[in-house]
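Q: Sequence first, predicted model second:
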Amino acid sequence: MSQAQPDTINGYHAHIYFDETSEKDARAVREDIDAKFDTELGRWHHKPVGPHPRWMYQVAFNPSVFAEFIPWLALNRRGLTVFIHPETGDSVADHTDHAIWMGEILELDVEFLRKIADKT
C-alpha cells in the first residue's frame, strides 16, 4: 500500500466543542484565534451537526498556518475538546484515520460521512 503524501492536504478544520458550561471559554478561545491567526471561523452550532456529537464551531485554516496554530491551540484550548482533521478529499479517512484529538476523544457519526461519500 502506498503512503499518503502531505501535499494532498488542501487545508485543515479544527472543531472546537463546547456546551452550556464551557461556552464562555469557547468564546474566549475563538476571539483569541480571530485576533492571532489567519483562519476562517465557522458558525456556532448549538446542537450536534453532521458527524459531530456535540455543540461546536469550526476553524478552517491553510497548511501554512498549522505549525503556528496547532501548538498554540494545544496550550490555549482552555480544557475544551478539539478535533482537527486535514482536508484531502476523503472525508471518511480525514475524520478517522487522519484525525488529531486534543482532550477527550469523542465518537463521531462516521456513517453520516459514508452516506455522503456514497452519493458522490
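A: Perfect, thanks for sending it. Numbers count the residues shown, from 1 in each chain.

Q: ok, and the closest non-adjacent residue to the spatially most central residue of the chain?
A: Nearest to the geometric centre of the chain sits A14, at 2.4 Å (Cα atoms, centre = their mean). Nearest non-adjacent residue to A14, counting by Cβ to Cβ, 6 or more residues apart in numbering: V59, 4.3 Å away. (Each C-beta comes from the backbone N, C-alpha and C, glycine too.)

Q: contacting residues around the one you found?
A: Residues in contact with V59 (Cβ atoms under 8 Å, 6 or more residues apart in numbering) are 13-16, 30, 33, 39-42.

Q: mind putting those residues in JSON lines, distance to I116 included?
A: Shown next, in JSON lines, are the contacts of V59 (distance: Cβ to Cβ, whole Å):
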{"residue": "H13", "distance to I116": "15"}
{"residue": "A14", "distance to I116": "20"}
{"residue": "H15", "distance to I116": "16"}
{"residue": "I16", "distance to I116": "22"}
{"residue": "R30", "distance to I116": "27"}
{"residue": "I33", "distance to I116": "27"}
{"residue": "T39", "distance to I116": "24"}
{"residue": "E40", "distance to I116": "21"}
{"residue": "L41", "distance to I116": "23"}
{"residue": "G42", "distance to I116": "18"}
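
Q: any idea how far A60 is from the residue nearest to the centre of the chain?
A: Separation of A14 from A60 (Cβ to Cβ, to the nearest Å) stands at 8 Å.

Q: Quick check: neighbours shared by the two?
A: Residues touching both A14 and A60 by Cβ under 8 Å, 6+ apart: none at all.
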